[in-house]
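Asks: need a 3D model of the sequence below.
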Amino acid sequence: MIVKAMEFHEFADCKAFLDLIDDREFVFKYKHTLESKFEEMVKWFMIDYMGITTRPIPPFTPNKRKIDLLSLYILVARDGGYREVTTENLWPAIAKDIGFGYEDGDYMRVIYAMYLDILEYYYKFKTVQGKVHDKEMVFEEEGSSNGCHRRPKSANDIQQEPAASAQFALFAGNDEDDWNQMKKRKRFNFNHARWAVEEANRSVMEQARKHN
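Replies: Numbering: from 1, shown residues only. Down below sits the predicted model:
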């Protein structure tokens, strides 16, 4: 009911929704409802906030298959974000994870760049901005009670801090040690995957010839 009642009139509403889907169990339990609300949020962000009216929402592949933006957002975040997924050539694996073929990986990269990359940037910026504000409030309270003042950290200082960064946002239920112990996927080898599929097909055909 809370999700269905949510409306988007300013970016703070988007941030509240993205904060809400930090909980993986919550996303899994209410994924169908969250999918449509996520599309609604992206539509508001693209059209009303960014003024971009030329991109259909939801997006479709050239053969008219709908792309689930929520799943794309979550899976890319799980593997470290757009830059990490691109560097490690994981887009074919991302495409496979959301029900498409390995060959659709580059198309998923384009869709993410067109619809979600700028949204993620604004979300991270607002998150860092909120942390700066919270720290300033704490320092002001400490200074007034102790009779001394400490210089608050700037947004740049906070961005340089190690530990749970914004890439961990979707999985806030884990602590830092859990995050550090998670294994990253290896760099995806499309040629090897294609070879494995061809080998499997060849084996099936050979078996079929034997039976015939």
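Asks: can you find the helix or strand of the protein with the lowest average pLDDT?
Replies: None of the helices or strands of the chain scores lower by mean pLDDT, DSSP states H and E than helix 176-181, at a mean of 43.
Asks: tell me where the chain has helices.
Replies: For the chain, the helices defined by DSSP state H occupy 2-5, 11-20, 24-29, 31-44, 69-78, 82-87, 91-97, 105-115, 117-146, 155-160, 176-181, 190-211.
Asks: what's the neighbour count on the closest residue to residue 26 other than its chain neighbours?
Replies: Nearest non-adjacent residue to residue 26, counting by C-beta to C-beta, 6 or more residues apart in numbering: residue 20, 7.2 Å away. C-beta: built from backbone N, CA, C; applies to glycine. Using other C-beta atoms under 10 Å, residue 20 has 16 neighbouring residues.
Asks: wouldn't residue 20 be in contact with residue 33 here?
Replies: No. Judged on C-beta atoms under 8 Å, residue 20 makes no contact with residue 33 at a distance of 11.5 Å.
Asks: common neighbours of the two, please.
Replies: Common contact partners of residue 20 and residue 33 (C-beta atoms under 8 Å, 6 or more residues apart in numbering): residue 3.
Asks: count of neighbours near the nearest residue to residue 37 once chain neighbours are set aside?
Replies: Closest residue in space to residue 37, ignoring its immediate chain neighbours: residue 3 at 5.4 Å, by C-beta to C-beta, 6+ apart. Neighbours of residue 3 under the rule other C-beta under 10 Å: 15.
Asks: relative to residue 54, how far out is residue 27?
Replies: Distance from residue 27 to residue 54, counting by C-beta to C-beta, to the nearest Å: 29 Å.
Asks: do the same with residue 105
Replies: Separation of residue 105 from residue 54 (C-beta to C-beta) stands at 24 Å.
Asks: higher neighbour count, the two?
Replies: Counted by other C-beta under 10 Å, residue 105 and residue 54 do not tie: residue 105 has more neighbours, with 20 against 6.
Asks: might one say that the more buried one is in contact with residue 92?
Replies: Yes. Here residue 105 reaches residue 92: they are 3.4 Å apart, a contact under C-beta under 8 Å.
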